[in-house]
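Undergrad: Provided below are the primary sequence and the corresponding predicted coordinates.
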There are 4 protein chains.
Amino acid sequence: MASKFAAKSSAKARVGVLGASGYTGSELVRLLLRHPNVELALLTADRRAGQEMRAVFPQFSPFKLPTLVSIEGLDWKKAALDLAFCALPHATTQKVIGDLLAQAPNTKVVDLSADFRLHDVAAYARWYGHEHHTPKLQREAVYGLVEVHRAAIRKARLVANPGCYTSCAQLALTPLLKAKAIVPGEIVIDAKSGMTGAGRAAKEEMLFSEVSEGFHAYGVGHHRHMAELDQEFSAAAGREVTVTFTPHLVPMNRGILSTIYVRGTKGKSVEDLHAILLKYYAKEPFVHVLPFGQTPQTRHVRGSNMTFIGVAKDRVPGRAIVISALDNLVKGASGQAVQNMNLMLGYPEALGLEQVALFP
Amino acid sequence: MASKFAAKSSAKARVGVLGASGYTGSELVRLLLRHPNVELALLTADRRAGQEMRAVFPQFSPFKLPTLVSIEGLDWKKAALDLAFCALPHATTQKVIGDLLAQAPNTKVVDLSADFRLHDVAAYARWYGHEHHTPKLQREAVYGLVEVHRAAIRKARLVANPGCYTSCAQLALTPLLKAKAIVPGEIVIDAKSGMTGAGRAAKEEMLFSEVSEGFHAYGVGHHRHMAELDQEFSAAAGREVTVTFTPHLVPMNRGILSTIYVRGTKGKSVEDLHAILLKYYAKEPFVHVLPFGQTPQTRHVRGSNMTFIGVAKDRVPGRAIVISALDNLVKGASGQAVQNMNLMLGYPEALGLEQVALFP
Amino acid sequence: MASKFAAKSSAKARVGVLGASGYTGSELVRLLLRHPNVELALLTADRRAGQEMRAVFPQFSPFKLPTLVSIEGLDWKKAALDLAFCALPHATTQKVIGDLLAQAPNTKVVDLSADFRLHDVAAYARWYGHEHHTPKLQREAVYGLVEVHRAAIRKARLVANPGCYTSCAQLALTPLLKAKAIVPGEIVIDAKSGMTGAGRAAKEEMLFSEVSEGFHAYGVGHHRHMAELDQEFSAAAGREVTVTFTPHLVPMNRGILSTIYVRGTKGKSVEDLHAILLKYYAKEPFVHVLPFGQTPQTRHVRGSNMTFIGVAKDRVPGRAIVISALDNLVKGASGQAVQNMNLMLGYPEALGLEQVALFP
Amino acid sequence: MASKFAAKSSAKARVGVLGASGYTGSELVRLLLRHPNVELALLTADRRAGQEMRAVFPQFSPFKLPTLVSIEGLDWKKAALDLAFCALPHATTQKVIGDLLAQAPNTKVVDLSADFRLHDVAAYARWYGHEHHTPKLQREAVYGLVEVHRAAIRKARLVANPGCYTSCAQLALTPLLKAKAIVPGEIVIDAKSGMTGAGRAAKEEMLFSEVSEGFHAYGVGHHRHMAELDQEFSAAAGREVTVTFTPHLVPMNRGILSTIYVRGTKGKSVEDLHAILLKYYAKEPFVHVLPFGQTPQTRHVRGSNMTFIGVAKDRVPGRAIVISALDNLVKGASGQAVQNMNLMLGYPEALGLEQVALFP
């Protein structure tokens, strides 16, 4: 299927963004507008249906884009999408993707919600408090962290794009867990995110005056991203892993930084951990491991699809501090989603994702 | 000369950035790294000579770039640059460009300092307190605001890239002055800039704790950008124009917004002013005039080479409020410079400048 | 009435804050908690009735405060307030104050809404699109800018606390208009406000990610604060004055800075304007005129009840730039309200308002 | 000695601030200006000697303050200070305090630098790379965390004010270590600070454009504050304690938040930890323990001398997350210093420190 595009080089894939009025939606539009092999064929936004994208996001004023439509009553067969990005809230996603794939089984889907990230229907029910509405699709879905599941993603019809916090932590820890180089029971992830991670819904606690000039933790001890971390870390380690994870909010728009405290397994020095990461990512276009002892800043990956990882020695012998940084809207969401699309459609993996970070 | 590149399509121009350790320098590198027709052949930074660019700007860590060298003792003939961007401070620029063009007269230069912006040697001496060191080059230099001087820029060897404040104000006012649609003696420009406009030099008054969470005017009544405004506005109006201009600092990194108060000349309605701007910029790729009554925000042009302009009615009859917004590091500096380069080298004007604004 | 407190020195006035869950409400509580002559006897917040203040504003966690109650069904006679601050939205204010003063005619009221600021019932109807509900009270109300109406405020029962933008502009211009030192027809006020001025209501356009890292104007040409400016400036000048006024939003929490462009009347130099302001405010505790040529920053008045004013020469002969800065939540709202209370209750005017600005 | 002030109630202590041009210096002036028992008798600032405080910190423009003088050649006997705050850099502090106490042995000193915090001369030499210049004073100095060493501070002549990071962590952990309720070998402190913690020196890496809109760790694995943590935690635990500690920079002016990961000792539940803290701080005016499960935000203590502490359960059994927040310039520096002064001079401990946090 993907080869179709490779074959007829001038053809562009017809792509839709479901939920274009949120931040991950607009970020997809930003990236796809400049993607050489993509035609933006459909943009949906229920509350803003009938409006132009420029009314919702003025940065698109100079560009021609499809008028926003409601997802209600769309004929997915007629839409004839090669691929749909689904950036919808938790409640509606399962239904929409179920309908879409029933009507247009050849359309591929990258879902940016949490709905298809858990493989285990029981785990899903436990974390979300209800049965999954499309358990068959839940089983079909491939977890979309490219650097870990590249081969499966290439063949997937439905990809569950990972969460931003979990992407950031997994890119730092998965190679170490796979190599059995760190003690799985002693991992502490202290994560800090910019405000766009909370989305665009109008909530008092996300007003500028509430969150600027200050810092705080939230969801201490009980955050839904943990389910995803458990699944992926346990798979990487080959045993059950339960990490300590605390998210915080930073008064900035974009970026996640995870400060991760680990202990090396017997015989593994901190330098060994660094070497494992360096080797694992040697050929990856979007993960960059800094020289030993250097640690990253979120601002240096802003707007790019890059992840920076640093490893430093703790003064407590045997312990290391691993720090990873990415842009939650790019590598943590929409950039990752486009990377998945590129694989699913047989394009070069980095196509449309080459922009350099915007600093300052 | 420019046609050389058009001719041998696979050839890339050899380009240098003089002063790569400042913000306009790094912004040039960001844009040129992804420019399809450019080879970054030389990066200079006197205080950081011998270091890699990644040590000065970690966002470039994943990329191969020339090691930073000192400008002292460079052999410009051997450097064999097709074009040099000069992002050096006021004091040294004239000497460096003088030497460069003496040794390598075929190299083209885009200068981002204020040194070559004034055509009149007397005006230069008056504003800067000393004679120009290379008056001949001063007279040769073309003022590089593309939307006003495109034809001359195409043929220029030395282009003086405009200042950020002046670009923002000129794009809003020049078409109106040319059309004699506003009264030249009653223009008030209240301008607001992000902090990168102050550069990267370590000054107490630019520390985060000094400038965050607050707002202030500076240089009230006496700012050097005025010389440039006088020259360009007088040329556009065909008579001497002296505007009122007050710059302010906003606690943000990027962006300039100019709120401009004008009075229409007899018979010119505010709607007429809007229509003049709309027509003037109808085919411009980097200036977008908003629908009547709408006004721009700096964040919607962030990281892009775009300028947004809005026109609204004042409640005082006959008066209009024109507001323009651009990113001071892109359209206000390095993006404009690349646009100039594209013209000087015969490339498509928008090449390498297509990125969409990064919002949020 | 006021003398009662002066007489029995140990007695404290029973004070209520109606609308304690908004920013002006919490700011009143912050100031009144440390006011030596005040007992906080009543806090209302309809949506949060039954909750403790610490649940709404955690900074009050260590303090004992009355539980929040609904304003519905309150018995104002039984409440026995000496003074009530009303920090309610436009719609409900008139009704609440009407009821309160009907039941408890000896309670004094400082209203922080716009409802009682216009003396002219016709002007009110024109600007707000409906008749005033309590026109008798509208006529009784005294406009509460202390530095202009001190004597009337001392004797008032109902004081209309001025708007934040208008306070800032009036403190700069009223003495100049009274002295007929500036041309009333050529005033341009370019105003910039922090985000708390928009209140605490959950609106998409006030989310951190929407308003940080950027700058924009709003309400261009048509802002309700203009009615108040017209009234007060016309009174000061002794003739009708219509100013140009444009508000902007700055990514900071607190502060308003007004950059005001004026022309001196015949024979009045810019130095004369400065001298007039210096003399007018010589003994005022909360307005400080900077030395000639110096201009203020909002951060230097943050958290204090102070206004800073600077005067500088424009390079256009005869024109001056007057810049004033205050904290919109203190001198622009709650601090001003406490200053009014002090006068109305016969206390020393500065009582409880002595805190020095919090910078950085 | 202290009783002198209690006795003659109208007398004010003569107080000096050495190093008034930095942020802790200006914060001392802010607090002391409103302290009822203090006369600000001396302000020093070497680079700004001869200038008025308002030239260095415009927020003090309305106030009368002593002209800044150089510390060189001051006659400490003639200065006749009851107490001096020393807010000088590391290099000069020991010499200045040595001279001062030699000339004026009855003057009391609160030192805000790190110079006198370590009791052990060997530990000092190891961490700072040289012998202490006044080892006798080093031994005399009392560590000034009031909530831990109140009795000793009352009798001290020289108090070493604690560091901001260490204050924040100690207030959370000391009661738990004293109660042997947590495992000393498994403490991870992930600390985040606002930018004022870096002081006012002009450094490129602290420019607004370098540190806004981003987040990063620094000094990973090797921060001097660790020496202080080791000393105080070991004393509290009665055995050697070495914690893991990572500081980060948040794009805000004020505030430190410490997210601390601990494991309860056998039989100690997370609820027990909370109860221990609640009891320990029951009567403390400046430490507030939140209800179980609630965690603090830095913004809710901004500008106040308050520390908020929260305790929550980790999902890993037996582990707890303790979070503490304070304003690094107040409870983390100058407020703590005034609290020390109050004890040393026999004043009520909270005098002049009653201001409520400034939020938003």
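TA: Yep, that arrived. Numbering: from 1, shown residues only, chains lettered A, B, ... in the order given.
Undergrad: going on from the helix or strand of chain A with the lowest mean pLDDT, what's the next piece of helix or strand?
TA: The weakest-scoring helix or strand in chain A, judged by mean pLDDT, DSSP states H and E, is helix A:3-7 (a mean of 37). Downstream of helix A:3-7, the first helix or strand assigned by DSSP states H and E is strand A:13-18.
Undergrad: Tell me which strands that next one pairs with, and in which orientation.
TA: Strands that pair with strand A:13-18, judged by DSSP bridges, come out as strand A:38-44 (parallel), strand A:83-86 (parallel).
Undergrad: Skip ahead from it and say which helix or strand is next.
TA: Downstream of strand A:13-18, the first helix or strand assigned by DSSP H and E is helix A:23-33.
Undergrad: okay, the angle between that next one and strand A:13-18?
TA: Using axes from the mean of the first three to the mean of the last three C-alpha atoms, to 10 degrees, the inter-axis angle of helix A:23-33 relative to strand A:13-18 is 160 degrees.
Undergrad: which residues are in contact with stretch A:52-71?
TA: Residues from elsewhere that reach stretch A:52-71 (C-beta atoms under 8 Å, 6 or more residues apart in numbering or on different chains): A:18, A:20-21, A:26, A:29-30, A:33, A:40-46, A:48-51, A:88, A:92, A:96, B:288, B:290, B:296-297, B:299-302, B:304, B:306, B:308, B:356-357, B:359. Backbone N, C-alpha and C define where each C-beta goes, glycine included.
Undergrad: Could you tell me the end-to-end distance of that stretch?
TA: 15 Å (C-alpha to C-alpha, to the nearest Å).
Undergrad: residues of that stretch that come out buried?
TA: If you call a residue buried by 16 or more other C-beta atoms under 10 Å in any protein chain shown, then stretch A:52-71 has these buried ones: A:52-54, A:56-62, A:65-66, A:68-69, A:71.
Undergrad: Then stretch A:177-184?
TA: A:177, A:179, A:181-182, A:184.
Undergrad: among those residues, which two are most distant?
TA: A:Ala179 and A:Pro184 (11.9 Å; C-beta to C-beta).
Undergrad: ok, back up a step: need the winner for burial among the strands paired with strand A:13-18.
TA: Highest mean neighbour count of the strands paired with strand A:13-18: strand A:83-86, a mean of 26 (counted as mean count of other C-beta atoms under 10 Å in any protein chain shown).
Undergrad: what sits up against that strand?
TA: Applying C-beta under 8 Å, 6+ apart, the set of residues contacting strand A:83-86 from outside is A:13-19, A:25, A:28, A:42, A:93, A:96-97, A:100, A:107-113, A:334, A:337, A:341, A:344-345.
Undergrad: try 7 Å
TA: For strand A:83-86, the external contacting residues (C-beta atoms under 7 Å, 6 or more residues apart in numbering or on different chains) are A:13, A:15-19, A:28, A:93, A:96-97, A:100, A:107-113, A:337, A:341, A:344-345.
Undergrad: got JSON lines for the buried residues of stretch A:177-184, with secondary structure and distance to D:Lys78 too?
TA: Listed next are the buried residues of stretch A:177-184 as JSON lines, based on DSSP: H, G, I helix; E, B strand; the rest coil; distance: C-beta to C-beta, whole Å:
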{"residue": "A:Leu177", "secondary structure": "helix", "distance to D:Lys78": "68"}
{"residue": "A:Ala179", "secondary structure": "coil", "distance to D:Lys78": "70"}
{"residue": "A:Ala181", "secondary structure": "coil", "distance to D:Lys78": "66"}
{"residue": "A:Ile182", "secondary structure": "strand", "distance to D:Lys78": "63"}
{"residue": "A:Pro184", "secondary structure": "helix", "distance to D:Lys78": "67"}
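Undergrad: Redo the residues you listed as CSV? Include distance to A:Ile323 and pLDDT.
TA: As requested, the buried residues of stretch A:177-184 are arranged in CSV below (distance: C-beta to C-beta, whole Å; pLDDT from 0 to 100):
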residue, distance to A:Ile323, pLDDT
A:Leu177, 17, 98
A:Ala179, 19, 98
A:Ala181, 17, 98
A:Ile182, 14, 98
A:Pro184, 19, 96
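Undergrad: Closest one of those residues to chain D?
TA: Closest approach to chain D among these (C-beta to the nearest C-beta): A:Pro184, at 11.6 Å.
Undergrad: was I right about that closest one contacting A:Glu240?
TA: No. Look at A:Pro184 against A:Glu240 with C-beta atoms under 7 Å: they stay out of range, at 8.2 Å.
Undergrad: Now do the shared contacts for these two.
TA: By C-beta under 7 Å, 6+ apart, no residue touches both A:Pro184 and A:Glu240.
Undergrad: returning to what we had before: could you dump the strands paired with strand A:13-18 into a markdown table and include mean pLDDT and distance to D:His149?
TA: A markdown table is the format used below for the strands paired with strand A:13-18 (pLDDT from 0 to 100; distance: least, C-beta to C-beta, whole Å):
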| stretch | mean pLDDT | distance to D:His149 |
| --- | --- | --- |
| strand A:38-44 | 98 | 63 |
| strand A:83-86 | 98 | 59 |
